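Chemist: Sequence and predicted structure, then a few things I'm wondering about:
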Amino acid sequence: MPHLGEHVGELCALLTAVSWAVSGIAFGVAARAVGGFALNHFRIWLALPLLALLALAVEGRLWPPGADAERAGLLFVSGLVGLVLGDLGYFHALATVGPRLASVLMATWPVMALGFGLLLGEPFRLAVLPGVFATVLGVVLVLAGGRRGASWNPTGSPRDRLSGVLGALLAAVGQAGGIVLARLAMRGGIAAGGSEGAVVVVDPLGATLLRMTAGVIGLQLAAMLRRRPFAGLAVARQPAALRGAVLGTLLGPVSGVWLSMVATQQSRDIGVAAALMATAPLFLVPLARFFYGTGFGLVGWCGTLLTVAGAVWLLTA
């Protein structure tokens, strides 16, 4: 029988999915109370110093040594795309359509990443078609049965629901674009002026800190343009929203990111680790039922399962 230590990466990948599912519920409750923008503003400012402390404790430094100007620039743009553009859409979706639907729509990000890859000249592989089909069909089924989830926002109009759906899809685009850019920045290369075989790789924790710094700068500029430079303070004024925001931050961009990095590093197969992390919507379904009574029938279940299965296929194909 295999020793448990041989599956540390896979176990961390599953814990990542659970962390992201619980953080989605916590963020959803906070977003419903104060709005997605205020929550995102509070969360990103809280996550930055926590990640900085984690980087100092684990790596002993804030700036990853392999991050030259080109890589740092890619990571900065990655942070703007993923943590500003993408998260603005995601937190709006949390507030309007709830964590379950938002997470299922977010699971379409591998399809978006596939599209970005094609634009960057990557060859198209027929093996990915079943994953694309399953993901798209799953989302259609979830949307078709979505009115059973109206308990999240029972007074919401069809226009609110549409804006939430578009926000979640924007989040998927941001997630995909951010990951593609971060992958370009972190992959190995020959050190400038170095000897043959001297490979420089940007460590994931330092890369995450750089991306989060870009996210803070970008979101603060957005807050100033909206004349809400201290939008995050609204979270601190409401105890329930504050509890949800702090819990979501600890489980999402801090421990969730840390677990995902361990999973990426320790898993014997990175595709398996990524696929396990993509199962977060499956954990969200029962959590959503327990915490805020969202109803879901056979159509919703089938759609969620198909979407997750499609994401898993795309990540392992």
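Modeler: Perfect, thanks for sending it. Numbers count the residues shown, from 1 in each chain.
Chemist: drop to CA atoms for contacts and neighbour counts, all remaining ones
Modeler: OK.
Chemist: ok now do the residue nearest the centre of the chain, which residues does it touch?
Modeler: With distances taken as Cα atoms, centre = their mean, residue 175 lies nearest the centre of the chain, 6.2 Å away. Applying Cα atoms under 8 Å, 6 or more residues apart in numbering, we find residue 175 in contact with 81-83, 86, 109.
Chemist: try residue 134
Modeler: Neighbour list for residue 134: 306-307, 309-310 [criterion: Cα under 8 Å, 6+ apart].
Chemist: Which residues does stretch 205-213 contact?
Modeler: 44, 47-48, 51-52, 55, 62-64, 72, 75-80, 83, 182, 186, 258, 261.
Chemist: and the residues you listed, which of them are in strands?
Modeler: Using DSSP state E, no member of these falls in strands.
Chemist: which among these end up buried?
Modeler: The neighbour-count test (16 or more other Cα atoms under 10 Å) applied to the contacts of stretch 205-213 identifies 44, 47-48, 51-52, 55, 62-64, 72, 75-80, 83, 182, 186, 258, 261 as buried.
Chemist: how about the longest helix seen in the chain: buried residues?
Modeler: Using DSSP state H to define each element, the chain has its longest helix at helix 158-186. Using 16+ other Cα under 10 Å as the test for burial, helix 158-186 gives 160-161, 163-183, 185-186.
Chemist: same question, stretch 118-138
Modeler: Those would be 128-129, 131-132, 134-138, for stretch 118-138 by 16+ other Cα under 10 Å.
Chemist: Could I get the residues you listed in TSV, plus columns for pLDDT, distance to residue 287 and secondary structure?
Modeler: Listed next are the buried residues of stretch 118-138 as TSV, based on pLDDT from 0 to 100; distance: Cα to Cα, whole Å; DSSP: H, G, I helix; E, B strand; the rest coil:
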residue	pLDDT	distance to residue 287	secondary structure
128	79	30	helix
129	83	31	helix
131	82	26	helix
132	83	27	helix
134	86	24	helix
135	84	22	helix
136	82	24	helix
137	86	23	helix
138	85	20	helix
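Chemist: Need these in a markdown table (columns: distance to residue 218).
Modeler: A markdown table is the format used below for these (distance: Cα to Cα, whole Å):
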| residue | distance to residue 218 |
| --- | --- |
| 128 | 34 |
| 129 | 35 |
| 131 | 33 |
| 132 | 32 |
| 134 | 35 |
| 135 | 31 |
| 136 | 31 |
| 137 | 34 |
| 138 | 33 |
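Chemist: farthest-separated two in the residues you listed?
Modeler: For the buried residues of stretch 118-138, with distances taken as Cα to Cα, the pair at the greatest spread is 128 and 138 (15.5 Å).
Chemist: wait, what's in contact with the closest residue to residue 301 other than its chain neighbours?
Modeler: Nearest residue to residue 301, sequence neighbours excluded (Cα to Cα, 6 or more residues apart in numbering): residue 142, at 7.8 Å. Contacts for residue 142 were tallied using Cα under 8 Å, 6+ apart; they are 101, 104, 299-304.
Chemist: give me the element residue 142 is part of.
Modeler: Assigning secondary structure by DSSP states H and E places residue 142 in helix 129-144.
Chemist: ok now that helix, how far from the chain's centre?
Modeler: On the basis of Cα atoms, centre = their mean, to the nearest Å, helix 129-144 sits 19 Å off its chain's mean C-alpha point.
Chemist: Compute the inter-axis angle for that helix and helix 158-186.
Modeler: 150 degrees (axes from the mean of the first three to the mean of the last three Cα atoms, to 10 degrees).
Chemist: Now do the same for residue 66: helix, strand or coil?
Modeler: coil (DSSP: H, G, I helix; E, B strand; the rest coil).
Chemist: where does the nearest residue to it once chain neighbours are set aside land in three-state SS?
Modeler: Of all residues not flanking residue 66 in the chain, residue 202 sits nearest, at 4.8 Å (Cα to Cα, 6+ apart). Classification of residue 202 by three-state DSSP places it in coil.
Chemist: how close does residue 202 sit to residue 72?
Modeler: Per Cα to Cα, to the nearest Å, residue 202 is found 9 Å from residue 72.
Chemist: give the contact list for residue 281.
Modeler: Residue 281 makes contacts with 21, 100, 103-104, 107, 304, 308, as judged by Cα under 8 Å, 6+ apart.
Chemist: For the helix or strand hosting it, what does the pLDDT average out to?
Modeler: Taking DSSP H and E as the criterion, residue 281 maps to helix 280-292. Throughout helix 280-292, pLDDT has a mean value of 75.
Chemist: Tell me, how many residues neighbour the residue nearest to residue 66?
Modeler: Burial measure for residue 202: 22 neighbouring residues, criterion other Cα atoms under 10 Å.
Chemist: Model confidence score at it, please.
Modeler: According to the prediction, residue 202 has pLDDT 75.
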